[in-house]
Structures are given as structure tokens and as C-alpha cells.
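In: what's the 3D shape of this:
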Amino acid sequence: MEENNNNAITYLTIRGRGDGFGAQYQAIMSGIALCEFKKYKYFHTPFVNIQHLGLDEIEKMNNFIGIKNENYDDTTLQQIQENLQVVMEFEDAHYHCEKPSIYYTDKVLKQIRDWYFSTDKPKIDNVDIAIHIRRGDVHSGWTERYTSNNDYKKIIQSLRQKYPSYKITIVSEGNIDDFKDLELDDSCFLLNGDVTVAFHTMVTAKVLVMSKSSFTYTPAILNSNTVYHMTFWHKPLDHWLSVNELLL
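Out: Residues are numbered from 1 along each chain as shown. Below you'll find the model as predicted:
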């Protein structure tokens with residue numbers, strides 16, 4: 001990444017993606033983290049295309065994350081464009097760094113959370129434990145992203161022992177019959193619903209169990225309670241727990 005050597009403020013934006021909401025939101029978070037680390041200024045580029053979502057939902061998702069630029073005048077906007085670094089993601093924050101908390105400091109987490117909670121959110125009943133099970137675009141042959149129902153059954157058994165009074169909510173896609181071996185009541189499932197409801201359920205849960213997915217990595221960053229991280233290429237923040245503790 002190029003450095004600005006003329007003493008002007010360097011602005012950075014995340015732009016050029018067309019993948020899923022979780023992946024794009026995670027990229028934005030990485031840009032915000034990089035700006036704090038490098039003492040740049042983050043300039044927000046709204047979503048223009050989100051995989052799996054229709055064009056009519058783009059504005060809804062832009063409002064949902066709550067990130068807005070300052071009210072810049074035309075002269076300032078021109079100066080920003082002259083000093084704007086455009087990247088698709090700050091990869092070190094998620095892929096390469098073993099301790100992403102060096103980027104996701106308390107200050108950065110507060111800024112991201114303040115933006116997120118600055119706009120209206122779905123009304124969610126009190127959520128004790130939210131478990132994201134990634135299905136739909138993954139299958140048992142994709143070992144890097146797939147976790148079996150058998151492993152989730154072990155996780156659920158451990159959670160029941162650790163949090164005996166807590167109700168479990170499964171956030172996923174598919175049919176309830178796909179999860180019958182988890183031995184949960186039908187009322188425990190949140191399937192195929194509004195993406196904002198599923199997402200905010202994970203953000204507000206007292207306990208969040210992640211899957212191997214950006215769609216849970218981002219609410220995990222926003223969640224200020226207990227988070228269990230499932231090992232994959234996006235490394236955990238320092239205060240997260242390992243889901244392996246539930247599989248022993």
C-alpha cells in the first residue's frame with residue numbers, strides 16, 4: 001500500500017467487491033481498523049452489489065450498518081479523491097495476522113459498534129445462545145468450511161451443561177428436518193429469514209458460537225458478550241474463546 005508523502009491526510013476506502021454481505025462488511029471493518037493503525041482517515045463507499053441479495057435490499061443494508069461520511073463540501077471531497085487509497089480489503093487483519101486484536105483495538109471496536117447501533121435494528125427477543133450453522137453454499141465435502149451436525153450436537157451438549165438455563169437458537173438455512181439429530185425443539189430454529197434479523201440475533205446474543213463464515217465473524221466483532229470462535233482462516237480476537245473448549 002502506497003504512503004502519502006506530502007503531509008496531506010491519507011484517506012482510505014473499501015471498494016470493488018460483489019460478494020456476500022458478511023464478506024463485504026468484514027472488508028469494511030478491516031479498512032476502518034487499518035485507518036486507525038496507520039492514522040489514515042476512513043472514507044466510506046456504500047454497498048453497490050451484494051451477492052444473494054436483490055438490488056432493492058442494497059439501501060436497506062447500507063442503512064443497517066450505519067456507516068456514514070461526514071458532510072464534506074465540494075472542495076474537501078476533491079482533496080479526498082486526490083489522496084484516496086482504494087483497496088478491496090486489508091487482508092492482514094483477517095488472513096495473515098495471528099493476533100487481529102492489534103488492529104481491532106477497543107477504540108476501533110467502539111467506533112464500529114457505535115455506527116452499527118446508530119440506526120434502527122430489528123426487534124429481537126432476549127437471545128441467550130445463538131449458534132450459526134453454515135449451510136446452503138457449503139456441503140460435507142468442503143472440509144474447510146463445513147462443520148457436521150455431529151460436532152454441533154457435541155457443542156450443544158456442552159453448552160447445556162455450561163449454561164443450563166439458557167435457550168439455544170440455531171441460525172441457518174434449510175429445513176428443520178436437516179437438523180433433527182441436534183435434538184432441539186422446532187422453536188429453537190431461525191431459518192431462511194430476513195438477513196438483518198439473523199445477523200442482529202447473533203450480535204445481541206449473550207453467547208455466540210461462530211461458524212467458519214464472515215457472516216458470523218462480523219457479528220462476533222459487534223457482539224460485546226461471550227463469543228466462541230471456530231478455527232478457520234480468519235483468526236480470533238484476543239477476548240474470544242475457542243469452540244474447541246466445547247468439543248472436549
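
In: what residue lies at the spatial centre of this structure?
Out: Thr218 (1.1 Å; C-alpha atoms, centre = their mean).

In: would you say it is within a helix?
Out: Yes - membership of Thr218 in a helix is supported by DSSP: H, G, I helix; E, B strand; the rest coil.

In: you'd agree it is up against Ala27?
Out: No - under the criterion of C-beta atoms under 8 Å, Thr218 makes no contact with Ala27, lying 9.8 Å away. In this view, the C-beta of every residue, glycine as well, is placed from N, C-alpha and C.

In: before we move on, the earlier item: show me what contacts the closest residue in space to the residue nearest to the centre of the chain that isn't next to it in sequence?
Out: Sequence neighbours aside, Tyr25 is the residue nearest to Thr218 in space, at 4.7 Å (criterion: C-beta to C-beta, 6 or more residues apart in numbering). The contact partners of Tyr25, by C-beta atoms under 8 Å, 6 or more residues apart in numbering, come to Ile65, Ser214, Thr218.

In: next one: Tyr163
Out: Counting by C-beta under 8 Å, 6+ apart, Tyr163 makes contact with Asp128, Ile129, Val207.

In: I only care about those that end up buried; give me the ChimeraX line for that.
Out: Provided next is the ChimeraX selection string for whichever of these are buried by 16 or more other C-beta atoms under 10 Å:
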select :129,207
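
In: from the contacts of Tyr163, which single one is nearest Asp114?
Out: Val207 (23.1 Å; C-beta to C-beta).

In: what distance do you get for that closest one to Tyr166?
Out: Applying C-beta to C-beta, to the nearest Å, the value for Val207 to Tyr166 is 7 Å.

In: and what of Val87?
Out: Val87 sits 40 Å away from Tyr166 when distances are taken as C-beta to C-beta.

In: the strands in the chain, which residues?
Out: Assignment of strands within the chain using DSSP state E yields the ranges 11-14, 41-42, 84-87, 129-132, 168-172, 189-191, 207-209, 226-229, 241-242.

In: contact partners of the second one?
Out: What it means is strand 41-42. Ile9, Thr10, Tyr11, Leu12, Thr13, Gly31, Ile32, Cys35.

In: so the third one bridges to which residues?
Out: So that's Tyr11. Lys41, Leu84 (DSSP bridges).

In: touching, it and Glu82? I think so.
Out: No - with contact defined as C-beta under 8 Å, Tyr11 does not reach Glu82; the gap is 9.2 Å.

In: which one of these two has more residues nearby?
Out: Per other C-beta atoms under 10 Å, whichever of Tyr11 and Glu82 has more neighbours is Tyr11, with 20 against 11.

In: report the longest helix in the protein, please.
Out: helix 21-38 (DSSP state H).

In: what about that one, distance to the chain center?
Out: Relative to the centre of its chain, helix 21-38 is centred 10 Å away, using C-alpha atoms, centre = their mean, to the nearest Å.

In: now do the buried residues in stretch 197-214.
Out: Buried residues in stretch 197-214, counted by 16+ other C-beta under 10 Å: 198-205, 207-214.

In: cool, stretch 53-64 as well?
Out: Of the residues in stretch 53-64, those buried under the neighbour-count criterion (16+ other C-beta under 10 Å) are Glu57, Ile58, Met61, Asn62, Phe64.

In: ok, now stretch 39-57?
Out: Tyr40, Lys41, Tyr42, Phe43, His44, Thr45, Phe47, Ile50, Glu57.

In: lowest-pLDDT helix or strand in this protein?
Out: Every helix and strand in the chain was compared by mean pLDDT, DSSP states H and E; the lowest is helix 74-82, with a mean of 92.
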